[in-house]
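J.: Compute the structure for the input listed below.
(chains A and B)
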Amino acid sequence: MIPGNLARFPDLHPAFDSQSAVAESNRCLYCFDAPCTTACPTHIDVPRFIKKISSGNLRGSAQTILDANILGLSCSRVCPVDVLCEGACVLHRYNQKPIEIGRLQRYAMENVRGFMLTPRATRVNFRVACVGGGPASISCAAELRRHGAAVTVFDNRPLPGGLNTYGVAEYKLRPADSLREIEMVRTMGVEFRRAEIGTDGAAGITLDQLERDFDFIFIGVGLGAMERLGIPGEHLLGVVDALRFIERYKTQPNFQIGRTVIVIGGGNTAIDAANAAVRLGAENVHLFYRRTETEMPAFQFEYDRSKVEGVRFHWTAQPVAIVEREGRAVAVRFLATRLGSPDSQGRRVPESVPDSEYEVACDMVIPALGQSRLTAALHLERNGNGLAVDRATGRTSNPKYYAGGDCVNGGREVVDAVADGKRAALGMVNHA
Amino acid sequence: MPDLATNFAGIRSPNPFWLASGPPTNCGEQVMRAFDAGWGGAVWKTIGDPIVNVSSRYSSVDWNGQRMMGLNNIELISDRPIETNLREIADVKKRYPNHAVVASLMVDSNREAWHDIVKRSEDAGADGLELNFGCPHGMSERGMGSAVGQVPEYACMITEWVKEVARTPVIVKLTPNITDIRTAARAARRGGADALSAINTINSITGIDLDTFTPRPNVGGLSSHGGYCGPAVKPIALHLVQQLASDPEVGIPLSGIGGISGWQEAAEFILLGCGTVQVCTAAMHYGYRIVEDMIDGLSNWMDGKGFGAIDDFRGLSVPKITEWKHLDLNYKIVARINRQTCIGCDLCYVACWDGAHQCIHLDKPPAPPAITVTPVAKAEALRATGGPTPPHRIPRVDEVECVGCNLCWLVCPVENCITMAKIETGVPAQSWAERTSA
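T.: Sure thing, here's the model as predicted:
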């Protein structure tokens, strides 16, 4: 990957050494029927893996984690633990810091050597194609392999891993960690193939071919390109959406950041992009959101961290045009908004204020407005948020197809995708 | 402020905190620094014919992330010439006339050797003598240390030899590595001992390196049992001190030793009758400076309780320990859980079910959601942290079935969440002794 990024994006939280890991693991109360385990979408037995750290049984600890969540390493780094396991820690109610579950999980995953995941008792011998190389597919594939299924993961990028490899901010997860996890799954006997699904030819494979060669097909294709702003100037040089921006700085040597960067959007990806812009050397990074701090969908801890990084936040600003000079973006024109009545989801709708237009100069614009759907080509039932599935089994309207991850849930966390993939695998096992 | 000055069997010191014989009292320079830090007395590292030590010498037991919960050593007595030790004792006494300097002694078991070392120590100015009948490793193989303390007749005889010439108070230091410590204590008294100190270290092997299979401490691939001390041994030491304090046939002053690392443990030993306390491991762990809080904390506690001097509370707990057969069978307490402070860890529930008497219960939890997903709305995130404990996670005690064992209260991590409440049974007190004699 790109040299220099390691220095620019140091670990957000330093790793534990063995003595501090043991001290922290000993703080764990070892709750009965622990709420942290319930709060984890993959239901990792948290007190159990923590107890094994304190006893020096790192191999057992890692196996406990991987048994529930094959991407235990990346989840330990990217999970928003404040609103998951650590958020559920009973110590909050005793005015104490929750156990640092995420860091302990990372300690177990990074320090273990030589472990084996045991095969599941229920054995199957069907073949499954997992379409998309991201967390949902990898989790589905690993779980299926443990039941004996033959699994091939198809992805159209040079490296598998999906957003874990290409789309997660560098200070959270390194591409090398994602690839290490892929390697572990490959060792389990999962086959990885690069192919464009739905196209003919040497580099492609059609759905008909898949249906012929495999007993089940798991759809874990994630989301598509980011939504467009739909305003003039969007195609100018210097405008790059947040996901492409993150992918480029992670993969292109000598990637050039602007001096003044404007990020548009209020989600976690917008914040990742803004933080990265600071780390890459931008002098001024401004984030504009059309509602206020209160409605911003980003997690509180992401917002807090971003303020520390030096990102400046601007509320109630609706972009209306990107200003061009000599073919390049040089400013964004905004209208001020005010918040009107709540919409169907309870969020107040921003209304633009007439005659409130203003311009902010910049040399790079990063829209971060969420991603579009990729799954239009599939003849599967959909609901508003993506493919329609039975959430407990991942089964779609077509019993040969299962689905999970962002293309089903509309874009959540890595751990949600892992849970979806695992449930789908078990759905196939129990159905066959 | 209360007066901490003590007179222990005739040995005076500004406070009851003495450094026990060991590495912290190896030489005069150390002892003087210790006195400057506030220690009231020091028992010199045991003097005798110089020995040769091995390396390594110490090993410890860590517990729950804390270092040195227990310490084990295979170090022998002083490796310095007798003359050097005695010259430095004289030097210390000259500069610190009001502090207690006690010479710890161990020589071959013959009368002349003991007479000689006693006279020379007293000539050097020692305020008292402590006969080391306790060290359980190394020296015991040569017929000294605990080899003496384990044979009452032997301990009595050597004490008699010492008393034939001693002009200063003689303290006999006892080993815990004996079936009944009172037999050795009575023997020492028969021999004329003026006081006792207890306990010396406990025979121990602290652990084994699971890669090399060599126990610790490792001396060139082999190990040897050592003597155990530190916070881990305090309950054992307290019990043995209580045994001595309660025995009318012992009846001489006690200096308490074993796991004392702060003023609270010191107060406990004094409540069981000790006139002074001796500290070694805590000073090895944190340095002489720890005595500051021992003095300060004990003074503040005494102030709060209205005690003006050590003797005001010394021995107050001795009558409160009795034989089991005299305890009231009709005294009943039950556990009560404070629903406002319970954090829902449910450790009391599992402890009662698996480790006690199955009388703590949980209400049926609500059906879990089909799947768990990451909360994204901020309100949900807030609700996830710090909200009240869900009712189904707060255990209930069946007070009829509760036997009042204390286990739930002991495992509860929240202060004052579980309390043990006295239940009036209306039945008069009756002990096992009374019940079986009726």
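
J.: How about the stretch 151-300 of chain B: which residue is closest to chain A?
T.: Residue of the stretch 151-300 of chain B nearest chain A, by C-beta to the nearest C-beta: B:Leu210 (8.7 Å). No exception for glycine: its C-beta is placed from N, CA and C like everyone else's.

J.: Can you get me a residue count around that residue?
T.: 8 (other C-beta atoms under 10 Å in any protein chain shown).

J.: now it: how far from A:Gly258?
T.: 57 Å (C-beta to C-beta, to the nearest Å).

J.: B:Thr25 now?
T.: Distance of B:Thr25 to A:Gly258, computed by C-beta to C-beta: 70 Å.

J.: and the residue of the stretch 151-300 of chain B closest to chain A, that one's in a helix?
T.: No. B:Leu210: not assigned to a helix; according to DSSP: H, G, I helix; E, B strand; the rest coil it is coil.

J.: Report the buried residues of the lengthiest strand in chain A.
T.: Secondary structure assigned by DSSP state E gives strand A:328-342 as the longest strand of chain A. Across strand A:328-342, burial judged by 16 or more other C-beta atoms under 10 Å in any protein chain shown covers A:329-337, A:339.

J.: okay if I get these as TSV plus pLDDT and distance to B:Met294?
T.: Below are the buried residues of strand A:328-342 laid out as TSV (pLDDT from 0 to 100; distance: C-beta to C-beta, whole Å):
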residue	pLDDT	distance to B:Met294
A:Ala329	95	71
A:Val330	96	72
A:Ala331	96	71
A:Val332	96	68
A:Arg333	96	73
A:Phe334	96	68
A:Leu335	95	71
A:Ala336	95	67
A:Thr337	95	66
A:Leu339	92	63
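
J.: and the residue in the stretch 201-350 of chain A that chain B sits nearest to, how many neighbours?
T.: With C-beta to the nearest C-beta as the measure, A:Gln300 is the residue of the stretch 201-350 of chain A nearest to chain B, at 6.2 Å. A:Gln300 is flanked by 15 other residues according to other C-beta under 10 Å.

J.: Check it and give its pLDDT.
T.: A:Gln300 carries a pLDDT value of 88.

J.: distance of the residue of the stretch 151-300 of chain B closest to chain A from A:Ile50?
T.: Counting by C-beta to C-beta, the gap from B:Leu210 to A:Ile50 is 21 Å.

J.: tell me the domain ranges of the chain?
T.: No chain was given, so I picked chain A. A:12-111, A:127-222+A:374-431, A:226-371 (automatic domain parsing).

J.: switch to chain B, that's the one I care about
T.: Domain segmentation of chain B under automatic domain parsing yields B:6-320, B:324-437.

J.: Looking at the stretch 301-432 of chain A, which residue is nearest chain B?
T.: Residue nearest to chain B within the stretch 301-432 of chain A: A:Glu413 (4.4 Å; C-beta to the nearest C-beta).

J.: how about that residue, what does it touch?
T.: For A:Glu413, the contact set (C-beta atoms under 8 Å, 6 or more residues apart in numbering or on different chains) comprises A:41, A:78-80, B:374.

J.: Out of the domains of chain B, which gets the lowest mean score?
T.: Sorting the domains of chain B by mean pLDDT places domain B:324-437 lowest, at a mean of 90.

J.: The residue of the stretch 201-350 of chain A closest to chain B against A:Asp82, yeah?
T.: Yes. Using C-beta atoms under 8 Å, A:Gln300 is in contact with A:Asp82, at 7.3 Å.

J.: from memory A:Leu91 sits against A:Cys31, does it?
T.: No. Here A:Leu91 does not reach A:Cys31: they are 9.6 Å apart, not a contact under C-beta under 8 Å.

J.: With neighbour numbers in mind, choose between these two.
T.: A count of neighbours by other C-beta under 10 Å puts A:Cys31 above the other of A:Leu91 and A:Cys31, at 24 against 20.

J.: Could you look up the SS state of that one?
T.: Here A:Cys31 takes the coil state, with states given by three-state DSSP.

J.: How about the contacts made by the nearest residue to it once chain neighbours are set aside?
T.: Distances taken as C-beta to C-beta, 6 or more residues apart in numbering or on different chains put B:Cys345 closest to A:Cys31, at 4.3 Å, once the chain neighbours are dropped. Counting by C-beta under 8 Å, 6+ apart, B:Cys345 touches A:29, A:31-32, A:90, B:413.

J.: Buried residues of the longest helix along chain A, list them for me.
T.: Looking across chain A with DSSP state H, the single longest helix is helix A:414-431. By 16+ other C-beta under 10 Å, the buried positions in helix A:414-431 come out as A:414-429.

J.: Quick check: B:Ala245 touching B:Gly275?
T.: No. If you go by C-beta under 8 Å, B:Ala245 and B:Gly275 don't touch, sitting 10.7 Å apart.

J.: Compute the first-to-last residue distance for stretch A:226-244.
T.: Using C-alpha to C-alpha, to the nearest Å, the end-to-end distance of stretch A:226-244 comes to 9 Å.

J.: returning to what we had before: for A:Met226, see how far away the residue of the stretch 201-350 of chain A closest to chain B is.
T.: A:Gln300 is 23 Å from A:Met226, by C-beta to C-beta.
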